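**Q** take this sequence and fold it.
(one chain, ligands or ions: 2)
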Amino acid sequence: MLATIDIENFRCIESAHLEFDARGTGILGRNASGKTSLLEAIFFLGHARSLRANTREKLVRRGQSFFRIVGQVETPRGVLTAGTEFTGGRSRTRLAGQGISSISEIAEILPIQLIDPSVHKLVEEGSARRRRLLDWGVFHVEQNFLAAWRRYQRALLQRNAAFRSGQTLAVISAWEAELVECGEIVDRHRSAYAAQLKPVFEETAERLLDEPVTFEYRRGWSKDETLADELIAKRPRDLQLRTTTVGPHRADLTFRMGETVARDRVSRGQQKLMACAFILSQVRLRAVTATMPTCLLLDDPAAELDVDNLGKLLKAVDSVPSQLIVTSVSDAGLQGINVVRRFHVEQGKFTPML
Ligand SMILES: Nc1ncnc2c1ncn2[C@@H]1O[C@H](COP(=O)(O)OP(=O)(O)O)[C@@H](O)[C@H]1O
Ligand SMILES: [Mg+2]
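**A** Ligands and ions are numbered 1, 2, ... in the order given. Model prediction:
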């Protein structure tokens with residue numbers, strides 16, 4: 001779990017030190033007081049990127065030249081210090097006093113999930129968010145996934161580059177062999193994870209939406225072809241487009257409510273609940289297998305939900321084992337969840353509440 005965080009010069013936060021509860025911490029403050037800034041700092045520590053398409057420069061407090069975020073993380077290996085500093089256009093991340101080779105080293109000890117007011121985009125927008133979220137879950141259960149996925153992405157860049165630079169068929173098919181080898185591993189892990197997740201999601205979603213909801217995993221190429229055959233078949237078209245149009249980088253999830261594809265039918269509020277159900281089911285599934293809980297960041301859950309739906313969401317959140325850090329403008333946004341410690345925030349300053 002995330003035991004403490006120290007923040008300097010991050011968005012509106014000049015300096016902050018917070019100690020979190022192992023179960024639930026509430027952050028209360030008016031609009032524009034710094035609630036989202038705190039969650040974004042935690043998110044940045046775990047991902048080395050912004051929540052939005054924000055450039056990292058915009059995260060530095062106005063008039064300053066750097067930001068720094070340091071967290072103490074309790075792990076089975078003891079308490080580890082994870083720190084990240086952004087200055088001069090570069091960020092540097094350290095874990096237990098040493099530089100890291102990949103941000104996945106932090107993600108492994110500090111798994112973070114976020115539910116914020118834009119969570120409905122998971123259902124509404126393009127496939128990239130859905131893939132990234134699915135892969136978060138796969139990464140945390142399957143150790144070999146990340147290496148295969150990285151190799152796949154490298155080979156993908158090479159095949160596309162080969163099309164652009166007019167390489168020979170021999171070069172292109174060599175990259176295809178690599179795509180097939182890694183792509184099949186990626187799909188196997190995703191598919192196994194999706195199958196495990198599905199019943200957990202269906203149960204969670206039905207509780208939130210009072211209607212049967214499900215999702216279908218699509219691997220990114222047709223059901224009855226091998227990836228190798230499909231890549232060959234699509235070569236002429238891919239050459240024309242100078243990009244690879246089939247493969248696990250095109251994998252997606254389709255959400256359905258009853259018989260209908262959710263994207264076309266449901267309201268914003270229902271999309272939000274569906275997306276929350278997906279994230280909560282991932283956290284729930286992870287809790288069964290992992291030794292460390294997920295740090296679940298819940299930003300302003302009351303946004304766009306009526307009292308009934310907010311109540312259902314908070315009940316579902318409370319039933320999922322996680323370390324919860326939740327923000328709200330008022331106590332109503334915290335009803336029914338076990339928030340042990342509370343902070344009040346005003347103009348980027350956090351004070352513990354009694
Ligand atoms: N780089 C920055 N420097 C200074 N202030 C910033 C920076 N980025 C955002 N802010 C300000 O931080 C304030 C708090 O934002 P936010 O954390 O999103 O508030 P809340 O979530 O409590 O509504 C806003 O007034 C915003 O304009
Ligand atoms: Mg906010």
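**Q** only C-alpha atoms for contact and neighbour calcs from this point on.
**A** Fine.
**Q** please enumerate the strands of the stretch 51-200 of the chain.
**A** 66-75, 78-87, 90-95, 98-99, 112-115 (DSSP state E, counting those that start in this stretch).
**Q** among these, which is nearest ligand 1?
**A** With Cα to the nearest ligand atom, the closest approach to ligand 1 among the strands of the stretch 51-200 of the chain belongs to strand 66-75: 9.7 Å.
**Q** any chance of JSON lines for the strands of the stretch 51-200 of the chain, columns mean neighbour count, mean pLDDT and distance to ligand 1?
**A** Output for these, formatted as JSON lines (neighbours: other Cα atoms under 10 Å; pLDDT from 0 to 100; distance: least, Cα to the nearest ligand atom, whole Å):
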{"stretch": "strand 66-75", "mean neighbour count": "21", "mean pLDDT": "97", "distance to ligand 1": "10"}
{"stretch": "strand 78-87", "mean neighbour count": "18", "mean pLDDT": "96", "distance to ligand 1": "13"}
{"stretch": "strand 90-95", "mean neighbour count": "16", "mean pLDDT": "93", "distance to ligand 1": "16"}
{"stretch": "strand 98-99", "mean neighbour count": "11", "mean pLDDT": "94", "distance to ligand 1": "26"}
{"stretch": "strand 112-115", "mean neighbour count": "21", "mean pLDDT": "96", "distance to ligand 1": "13"}
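**Q** select, out of these, the one closest to residue 292.
**A** strand 66-75 (7.0 Å; Cα to Cα).
**Q** so which elements touch the closest one?
**A** strand 2-10, helix 35-47, strand 78-87 (3 or more Cα pairs under 8 Å, 6 or more residues apart in numbering; DSSP states H and E).
**Q** if we use 7 Å, what do you get?
**A** Contacts defined by 3 or more Cα pairs under 7 Å, 6 or more residues apart in numbering; DSSP states H and E place strand 66-75 against strand 2-10, strand 78-87.
**Q** doesn't residue 247 make contact with residue 187?
**A** No: Residue 187 is beyond contact range of residue 247, at 9.0 Å (criterion: Cα atoms under 7 Å).
**Q** how about residue 191, nearest residue that isn't a chain neighbour?
**A** With sequence-adjacent residues excluded and distances taken as Cα to Cα, 6 or more residues apart in numbering, residue 191 is closest to residue 217, at 7.1 Å.
**Q** want to throw the strands of the stretch 51-200 of the chain into JSON lines with distance to residue 150?
**A** What follows is the strands of the stretch 51-200 of the chain, written out as JSON lines (distance: least, Cα to Cα, whole Å):
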{"stretch": "strand 66-75", "distance to residue 150": "26"}
{"stretch": "strand 78-87", "distance to residue 150": "23"}
{"stretch": "strand 90-95", "distance to residue 150": "20"}
{"stretch": "strand 98-99", "distance to residue 150": "20"}
{"stretch": "strand 112-115", "distance to residue 150": "21"}
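**Q** between these, which one is closest to residue 303.
**A** Here strand 112-115 is closest among the strands of the stretch 51-200 of the chain (Cα to Cα), at 11.1 Å.
**Q** which other helices and strands does the closest one contact?
**A** Checked by 3+ Cα pairs under 7 Å, 6+ apart, strand 112-115 has strand 295-299 packed alongside it.
**Q** give me the mean pLDDT for the helix or strand that comes right after the strand it packs on.
**A** Following strand 295-299 in sequence order, the next helix or strand is helix 307-319 (DSSP states H and E). The pLDDT scores in helix 307-319 average 95.
**Q** which residues sit against helix 307-319?
**A** With Cα atoms under 7 Å, 6 or more residues apart in numbering as the test, helix 307-319 has contacts from 208, 280, 302, 336, 337, 338.
**Q** now do stretch 6-13
**A** 14-18, 34, 37, 59-61, 64, 66-71, 348-349.
**Q** in that stretch, what counts as buried?
**A** Buried residues in stretch 6-13, counting neighbours by 16 or more other Cα atoms under 10 Å, are found at 6, 7, 8, 9, 10, 11, 12, 13.
**Q** ditto for stretch 321-337
**A** 321-329, 333-334, 336-337.
**Q** just the residues you listed: which are in strands?
**A** 323, 324, 325, 326, 327, 328 (DSSP state E).
**Q** dump the residue contacts of the fifth one.
**A** Going by Cα under 7 Å, 6+ apart, residue 327 touches 26, 27, 28, 35, 298, 299, 300.
**Q** ok, of those residues, which one's closest to residue 291?
**A** residue 298 (21.6 Å).
**Q** for the closest one, name its beta-bridge partners.
**A** With DSSP bridges applied, residue 298 shows beta-bridge pairing to residue 115, residue 326.
**Q** what sits against it?
**A** Taking Cα under 7 Å, 6+ apart as the test, what residue 298 contacts is 114, 115, 116, 325, 326, 327.
**Q** can you check residue 157 too?
**A** Contacts of residue 157 by Cα under 7 Å, 6+ apart: none found.
**Q** and the pLDDT for it?
**A** 97.
**Q** any idea how far ligand 1 is from it?
**A** 34 Å (Cα to the nearest ligand atom, to the nearest Å).
**Q** can I have the helix or strand bottoming out on mean pLDDT in the chain written out in PDB, keeping just the CAs?
**A** The helix or strand of the chain with the poorest confidence is helix 262-265; it has a mean of 81 (mean pLDDT, DSSP states H and E). Provided in PDB are the C-alpha atoms of helix 262-265 (Å, rounded to 0.1, in the frame of the first residue of the first chain):
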ATOM      1  CA  ALA A 262     -23.600  -0.300 -25.200                       C
ATOM      2  CA  ARG A 263     -21.800   2.500 -27.000                       C
ATOM      3  CA  ASP A 264     -24.800   3.100 -29.200                       C
ATOM      4  CA  ARG A 265     -27.500   2.900 -26.600                       C
END
